[in-house]
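Peer 1: Let's see this in three dimensions:
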Amino acid sequence: MSKNQNALGKMTNYRWSICALLFFATTVNYLDRQVLSLTWKDFIAPEFHWTDSDYGTITALFSIFYAISMLFAGRFIDWMGTKKGFLWAIGIWSLGAVAHAACGWLTEVFLGYSSVSEMISATGTAALAISTVSVNLFIVARLILAIGEAGNFPAAIKVTAEYFPKKDRAFSTSIWNLGATIGALAAPVTIPLIAKYFKGIGVGNGWEMAFIIIGGLGFVWMGLWVFMYNSPEKSKNVNNAELEYINQDGEAAPVAAADGTEKKMSFAQCFGYKQTWAFAAGKFMTDGVWWFFLFWTPAYISDVYGFSSDSPTGMLLIFVLYAITMLSIFGGKLPTIIINRTGMDPYAARMRAMLIFAFFPLLALFAQPLGNISYWFPIIIIGIAGAAHQSWSANIFSTVSDMFPKSAVATITGIGGMAGGVGSFLINKGSGVLFTHAGETNMVFMGFEGKPAGYFIIFCVCAVAYLIGWCIMKTLVPKYKPIVL
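Peer 2: The predicted model follows:
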């Protein structure tokens with residue numbers, strides 16, 4: 001603490017309360033997006049006669065909706081202001097999460113059914129109509145969810161810049177970003193149990209209440225945000241000593257201190273650089289792998305090993321998988337170690353670290369074969385691949401700030417996010433079509449039959465995606481070459 005802070009009295013630490021709110025929001029963010037993946041196979045599909053292709057369509061379109069929304073979320077937050085912007089974001093995504101619960105009732109109304117049991121017993125064209133209507137309703141709900149969820153990370157990063165000096169921002173971000181992992185860990189041990197409980201007591205088919213309860217957490221957060229958040233300068237919970245600590249960098253506007261001397265890069269200009277295409281290619285090749293694991297692993301465990309998402313073993317498998325992904329917390333440190341030991345420039349060190357991470361997903365080639373020995377092998381392998389992805393992701397984002405001026409970082413990141421969304425769309429939609437085809441035709445591939453053959457094919461794609469992405473990036477930008485305007 002500085003002499004001035006000593007003179008001002010003991011410093012408050014309200015910024016950490018705000019950090020805790022960001023952690024809560026990020027946890028709810030990941031819980032909301034996982035309710036569908038943990039309920040569709042065992043609770044929703046029997047009611048609406050969904051196929052893997054139907055589910056693949058829903059998850060694929062969510063990826064596209066989310067990616068497109070990311071392009072505009074940051075600008076919206078800046079325009080509305082932090083307090084109102086974050087409220088709108090989480091309000092929209094909570095509304096979208098809860099709206100999923102109405103899809104069953106609306107399907108009954110549109111098609112003239114009086115109960116869930118009638119829809120479950122439907123066959124032929126009636127079953128096809130139920131599937132079509134329900135899928136379209138879920139797509140609308142996922143659209144609302146995606147639009148709102150896209151605002152979480154831009155808003156959280158903006159709040160962090162407002163409440164923390166530069167030297168503390170990385171640490172505070174690492175704390176609230178753990179909400180993503182905690183949400184992924186909590187989901188498999190809570191969501192299926194909620195659905196199972198309410199199904200058992202006759203409240204709908206169970207899955208509806210899972211969406212309502214988890215989605216309702218966002219509205220709880222909104223109440224806390226209204227009463228707890230204000231800018232540091234206006235907050236009655238931040239004393240002068242803490243305000244001085246927050247503003248120690250001398251930033252007049254801690255959030256968006258754009259350098260007035262720096263030239264601006266137009267949106268069209270961004271596409272003229274190989275560095276842009278390198279980043280976009282890396283995101284296109286790899287983002288879909290993470291979303292595939294997130295959306296399809298519960299179905300994989302059910303299809304191949306027969307464990308429903310609400311079974312003790314099924315919940316334990318998903319929990320262990322995401323616990324392993326927490327190893328990625330060390331992924332961001334590797335480039336620093338390389339730089340300190342070799343003196344490499346940041347881009348070269350990051351590319352070397354990414355090459356190392358790109359080899360770990362190759363283990364996915366053995367996930368299905370080793371699964372014949374024990375279902376724990378594919379779970380551990382997918383967990384390792386997930387940790388490698390998160391480590392890769394942390395570094396590929398940093399390559400943007402390595403090479404582009406500050407005024408263009410957000411735009412380039414948005415372009416890469418769009419490319420990643422397209423990749424996610426393709427792998428999720430393709431997976432659904434493939435799994436449906438494999439199940440209906442009992443397809444054979446490399447000694448596996450039916451759906452296990454389909455999963456093995458996608459695992460092979462996931463295994464090599466990172467090395468292919470790395471090679472494309474290295475070809476386009478072989479050496480560190482920052483953009484100078």
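
Peer 1: and after the lowest-mean-pLDDT helix or strand in the chain, which helix or strand comes next?
Peer 2: Comparing helices and strands within the chain by mean pLDDT, DSSP states H and E singles out helix 3-8 as the least confident, with a mean of 47. As assigned by DSSP states H and E, the chain's next helix or strand after helix 3-8 is helix 14-39.

Peer 1: What is the distance between that following helix and the centre of its chain?
Peer 2: The chain centroid and the centroid of helix 14-39 are separated by 11 Å, computed with CA atoms, centre = their mean, to the nearest Å.

Peer 1: Check which residues of it are buried.
Peer 2: 14-15, 17-19, 21-39 (16 or more other CB atoms under 10 Å). Any C-beta I mention is one placed from the backbone N, CA and C, and that applies to glycine too.

Peer 1: Repeat that for stretch 468-478.
Peer 2: For stretch 468-478, a neighbour-count test (16+ other CB under 10 Å) marks Gly469, Trp470, Ile472, Met473, Leu476, Val477 as buried.

Peer 1: Quick one: residues in contact with stretch 314-321.
Peer 2: Stretch 314-321 is touched from outside by 38, 185, 187-189, 192-193, 293, 297-298, 301-302, 307-309, 375-376, 379-380, 382-383, 386, with contacts defined as CB atoms under 8 Å, 6 or more residues apart in numbering.

Peer 1: at 7 Å instead, please
Peer 2: Counting by CB atoms under 7 Å, 6 or more residues apart in numbering, the neighbours of stretch 314-321 from elsewhere in the structure are 185, 188-189, 192, 297-298, 301, 307-308, 375, 379, 382-383, 386.

Peer 1: what about that stretch, distance to the chain center?
Peer 2: Taking CA atoms, centre = their mean, the mean C-alpha location of stretch 314-321 is offset from the chain mean by 18 Å.

Peer 1: By neighbour count, which of the contacts of stretch 314-321 wins?
Peer 2: Taking other CB atoms under 10 Å to define a neighbour, the member of the contacts of stretch 314-321 with the most is Pro298, carrying 29 neighbours.

Peer 1: tell me the pLDDT at that one?
Peer 2: Reading off the confidence values, Pro298 has pLDDT 83.

Peer 1: shouldn't it be in contact with Thr39?
Peer 2: No - using CB atoms under 7 Å, Pro298 and Thr39 do not qualify as a contacting pair, with a distance of 8.8 Å.

Peer 1: Which neighbours do the two have in common?
Peer 2: Applying CB under 7 Å, 6+ apart, one finds that Pro298 and Thr39 are jointly contacted by Ser309.

Peer 1: Could you list the low-pLDDT ranges of the stretch 301-450 of the chain?
Peer 2: Segments of the stretch 301-450 of the chain classed as low confidence (criterion: pLDDT under 70) are 329, 332, 401-402, 405-411.

Peer 1: Would you confirm that Gln248 contacts Phe164?
Peer 2: No - taking contact to mean CB under 7 Å, the distance of 10.2 Å between Gln248 and Phe164 leaves them out of contact.

Peer 1: Between the two, tell me which one has more neighbours.
Peer 2: Phe164 (23 against 14).
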